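[1] below are the sequence and a predicted model; questions follow.
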Amino acid sequence: MSSWLHRLAIANGIAPRPFAGVLGLGDGMGSSRLDHSLTHGVATLLQQQADIATEALSAMTMTGPALTPLLLPLRENVRPNRSTWTQYCPQCLAGDQAPYFRRHWRLATRISCFVHGRGLRDRCPACRSGIASFDQTDLMPQHFCARCAFALRTASKVFVKTSARRLERSIDDICKVGMAKGSMTIGDLTSRLLGAPVIAGVSLGKTLTNLSTSSRIRCFEWLADKPVGWLTA
């Protein structure tokens, strides 16, 4: 949702940050919060002014309750080794005619791009700030850092071990099956995934959603060498 709103703002000649005011959200991370919950007022405004159906608007949000605990948290202040609110694949952004951020990049269980086989990034390589396209005050596409204007799609590739990417795909498949079946054990699954850093011995006392992408890649590489009993029978 926030990624589409960014493109909508640019198309109307308004920078993303002031466009939040047009939607009645004020400054800050307002448009990003709509990824979690689309308010009735904003939904009505978008339906009327952008001529888009309710179903299409809902499909852009991250409102599925089953995997909500695995979403990277919204936070403005980013410290080293701590998660930011979204990730990106430079190659995906480079291949987009109109660069946009994917919904699955918000999940803490995603560490690589399934298309390009490289690790995701969650920071600007130039200034090390988190990705905050919603905070742009200039008319710039989303693949430019809002802090220093670095072109994110030119970032170098991140290597991830094949075993870690195989584990990542297995987790993705298990989650999809659990949601499709409406399994009562999906809550237990998300709890196990959140506790993965402790199992891997990467970061004691922290959940998966609190780790930076680089830390989660290291976590998955460690877990790939362990028996899978921690995740499922």
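    Noted; the coordinates are in hand.

[2] for this protein, which helix or strand comes out least confident on mean pLDDT?
    When each helix and strand of the chain is scored by mean pLDDT, DSSP states H and E, helix 30-33 comes last, with a mean of 73.

[3] helices and strands around that one, which ones?
    Counting contacts by 3 or more Cβ pairs under 8 Å, 6 or more residues apart in numbering; DSSP states H and E, helix 30-33 is packed against helix 2-11, helix 16-22. In this view, the C-beta of every residue, glycine as well, is placed from N, C-alpha and C.

[4] mind jotting down where the helices sit in this structure?
    All helices of the chain, identified by DSSP state H, fall at 2-11, 16-22, 30-33, 40-50, 54-59, 90-95, 162-181, 186-194, 196-200, 213-223.

[5] for those, give me TSV that also has mean neighbour count.
    Formatted as TSV, the entries for these read as follows, by neighbours: other Cβ atoms under 10 Å:
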stretch	mean neighbour count
helix 2-11	20
helix 16-22	19
helix 30-33	22
helix 40-50	14
helix 54-59	12
helix 90-95	18
helix 162-181	15
helix 186-194	17
helix 196-200	20
helix 213-223	22
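
[6] ok, which of those comes nearest Arg128?
    helix 213-223 (11.4 Å; Cβ to Cβ).

[7] who are the packing partners of the closest one?
    With contacts defined as 3+ Cβ pairs under 8 Å, 6+ apart, the secondary structure elements packing on helix 213-223 are helix 162-181, helix 196-200.

[8] so Cys145 makes contact with Ile131?
    Yes - between Cys145 and Ile131 a contact is recorded at 7.5 Å, counting by Cβ atoms under 8 Å.

[9] anything in contact with each of the two?
    Counting by Cβ atoms under 8 Å, 6 or more residues apart in numbering, the residues touching both Cys145 and Ile131 are Cys124, Leu152.

[10] neighbours around Ala98, how many?
    The burial count assigned to Ala98 is 12, neighbours taken as other Cβ atoms under 10 Å.

[11] in stretch 114-122, what's buried?
    Arg118, Gly119, Leu120, Arg121, Asp122 (16 or more other Cβ atoms under 10 Å).

[12] got CSV for those residues, with distance to Gln49 and pLDDT too?
    Below are the buried residues of stretch 114-122 laid out as CSV (distance: Cβ to Cβ, whole Å; pLDDT from 0 to 100):
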residue, distance to Gln49, pLDDT
Arg118, 38, 97
Gly119, 39, 98
Leu120, 33, 98
Arg121, 34, 97
Asp122, 32, 94
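
[13] among these, which one lies nearest to Leu194?
    For these, the closest approach to Leu194 (Cβ to Cβ) belongs to Asp122, at 17.6 Å.

[14] distance of that closest one relative to Leu152?
    Using Cβ to Cβ, to the nearest Å, one obtains 11 Å as the distance from Asp122 to Leu152.

[15] and for those two, which residues touch both?
    Shared contacts of Asp122 and Leu152, defined by Cβ under 8 Å, 6+ apart, comprise Tyr88, Ile131.
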